[in-house]
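just the structure for this:
(chains A and B)
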Amino acid sequence: DVKVTQSSRYLVKRTGEKVFLECVQDMDHENMFWYRQDPGLGLRLIYFSYDVKMKEKGDIPEGYSVSREKKERFSLILESASTNQTSMYLCASSLLDRTQYFGPGTRLTVT
Amino acid sequence: EDQVTQSPEALRLQEGESSSLNCSYTVSGLRGLFWYRQDPGKGPEFLFTLYSAGEEKEKERLKATLTKKESFLHITAPKPEDSATYLCAVQADDYKLSFGAGTTVTVRA
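All right, here's what the predicted structure looks like:
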């Protein structure tokens, strides 16, 4: 079974803090993705990576950056957290252009 | 721009009452259509991938079908444990998925 894990289920941070969300997959997948999910807006792609040290902007990259130093690990960084970044963050991985498998999600609250 | 529209937004069913969810899409060059199930506070769980019109996939009480413009997820004789939000997503010429807003299904015993 594919397993995608995320570092935290719940996280509370203050405005202006630097926030790291980590994602690890154990299936040797090339592609990894970060989404955020908000009521009424669905899942929106923030960034994705198709190889180590490679990254591509998704639909809403502003205020975020990513890092992929190892194939199994993909980090999402909020350089200076703001209240409008309160959301559910979901990581996914896939083999090339195949099915994306999701992690359990991190509920981030920025106060 | 790829668009995915799911209907209805919400569906309340009695246990055993079969129904269908709709996912209509516009995409240039469909590579795949995906169905996921999502429980509250959790990540989406993969159900099916459909690649070409006419294809059907089944899993327990769920059956997914695909035409050139839409996909249906049929729920046959649902049980309360089938209560969840069902998400549809399409993949075009790149690796990215475009998601619909989802249909929230509630099955009453």
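
most proximal residue of chain A with respect to chain B?
residue A:102 (3.8 Å; CB to the nearest CB). C-beta here means a position set from N, CA and C on the backbone, and glycine is covered the same way.

I'd say that residue and residue A:90 touch.
Yes. Counting by CB atoms under 8 Å, residue A:102 does reach residue A:90; the two are 5.5 Å apart.

which stretches of the chain have low pLDDT?
I'll assume chain A. Flagging of chain A using pLDDT under 70 yields the residue ranges A:2.

looking at chain B here, not the other one
B:95.

for it, what lies in contact range of chain A?
The interface of chain B toward chain A, taken as CB under 8 Å from any CB of the partner chain, is made up of B:31-32, B:34, B:36, B:41-46, B:49, B:87, B:89, B:91, B:95-97, B:99-102.

of these, buried ones?
Buried members of those, scored by 16 or more other CB atoms under 10 Å in any protein chain shown, are B:31-32, B:34, B:36, B:42-44, B:49, B:87, B:89, B:91, B:95-97, B:99-102.

in helices, which of those fall?
The members of those all map outside helices under DSSP state H.

quick one: which of those sit in strands?
Judged by DSSP state E, strands contain the following of these: B:32, B:34, B:36, B:49, B:87, B:89, B:91, B:97, B:99.

residue B:106: which of those residues is nearest?
residue B:87 (15.9 Å; CB to CB).

who does that closest one bridge with?
residue B:36 (DSSP bridges).

ok, it - contacts?
Taking CB atoms under 8 Å, 6 or more residues apart in numbering or on different chains, we find residue B:87 in contact with A:42, A:43, B:6, B:35, B:36, B:37, B:38, B:44, B:99, B:100, B:102.

try residue A:101
A:2, A:4, A:25, A:27, A:29, A:92, A:93, A:94, B:46.

go on, residue B:10?
B:103, B:104, B:105, B:106.

take these and write them to CSV, including distance to residue A:70, secondary structure and neighbour count.
Listed next are the contacts of residue B:10 as CSV, based on distance: CB to CB, whole Å; DSSP: H, G, I helix; E, B strand; the rest coil; neighbours: other CB atoms under 10 Å in any protein chain shown:
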residue, distance to residue A:70, secondary structure, neighbour count
B:103, 37, strand, 22
B:104, 37, strand, 16
B:105, 39, strand, 21
B:106, 42, strand, 13
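
which phi and psi does the nearest residue to residue A:4 once chain neighbours are set aside have?
In space, and not counting its chain neighbours, residue A:4 is closest to residue A:103: 3.9 Å by CB to CB, 6 or more residues apart in numbering or on different chains. Per-residue torsions, residue A:103: phi -80, psi -180 (degrees, to the nearest 10).

what's near enough to touch the closest residue to residue A:102 other than its chain neighbours?
Nearest non-adjacent residue to residue A:102, counting by CB to CB, 6+ apart: residue B:43, 3.8 Å away. Shown in contact with residue B:43 (CB under 8 Å, 6+ apart): A:4, A:90, A:102, A:103, A:104, A:105.

contacting residues for the residue nearest to residue B:28 when sequence neighbours are not counted?
Of all residues not flanking residue B:28 in the chain, residue B:92 sits nearest, at 6.0 Å (CB to CB, 6+ apart). Going by CB under 8 Å, 6+ apart, residue B:92 touches B:2, B:27, B:28, B:29, B:30, B:31, B:98.
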